[in-house]
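1. Curious how this folds, go ahead:
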Amino acid sequence: MPVKELLVLVTAILAALPCIRSNAADAEPAATPTFTLTIIKAGTGDGSTTLPCGPAPGITHSISSGYPQHLTATPAPGSVFAGWSGDLPAGFSPREELLIAVMDR
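-> Residues are numbered from 1 along each chain as shown. Below is the predicted model:
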């Protein structure tokens, strides 16, 4: 039986910046910026990720800045995980099934 490869593409897109306010005493603290994380399943294999993914254009998730995201790719029976691609952390090996990313852009 041929083994199908599962490839997951991760893209992080700046969704919003905190509102800049004056130093007035009644000013509310600036909101934490949020970013859009899009996870796209690619390749002929099948599987899942801990934050859901889908075929192009993918599934988007709104993530607060500074919070680590633990993404695990799990191939389905008969499939193998080929790797992550896209906007990955520096020094990360894309063939690892666990991806920990802190959203900063």
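
2. where along the protein do the strands fall?
-> Assigned by DSSP state E, the chain shows strands spanning 4-14, 34-42, 47-49, 59-64, 68-75, 79-86, 98-102.

3. Would you mind saying which of these lies nearest Phe92?
-> Distance to Phe92, taken as Cβ to Cβ, is lowest for strand 98-102 among these, at 6.7 Å. C-beta: built from backbone N, CA, C; applies to glycine.

4. Give the buried residues for that closest one.
-> By 16 or more other Cβ atoms under 10 Å, the buried positions in strand 98-102 come out as 99, 101.

5. Tell me which other helices or strands that strand touches.
-> strand 4-14, strand 68-75 (3 or more Cβ pairs under 8 Å, 6 or more residues apart in numbering; DSSP states H and E).

6. Comparing those by mean pLDDT, which bottoms out?
-> Here the lowest mean pLDDT among the helices and strands packed on strand 98-102 goes to strand 4-14, at a mean of 59.

7. now the strands of the chain in a markdown table, with distance to Phe92?
-> A markdown table is the format used below for the strands of the chain (distance: least, Cβ to Cβ, whole Å):
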| stretch | distance to Phe92 |
| --- | --- |
| strand 4-14 | 10 |
| strand 34-42 | 15 |
| strand 47-49 | 15 |
| strand 59-64 | 17 |
| strand 68-75 | 11 |
| strand 79-86 | 8 |
| strand 98-102 | 7 |
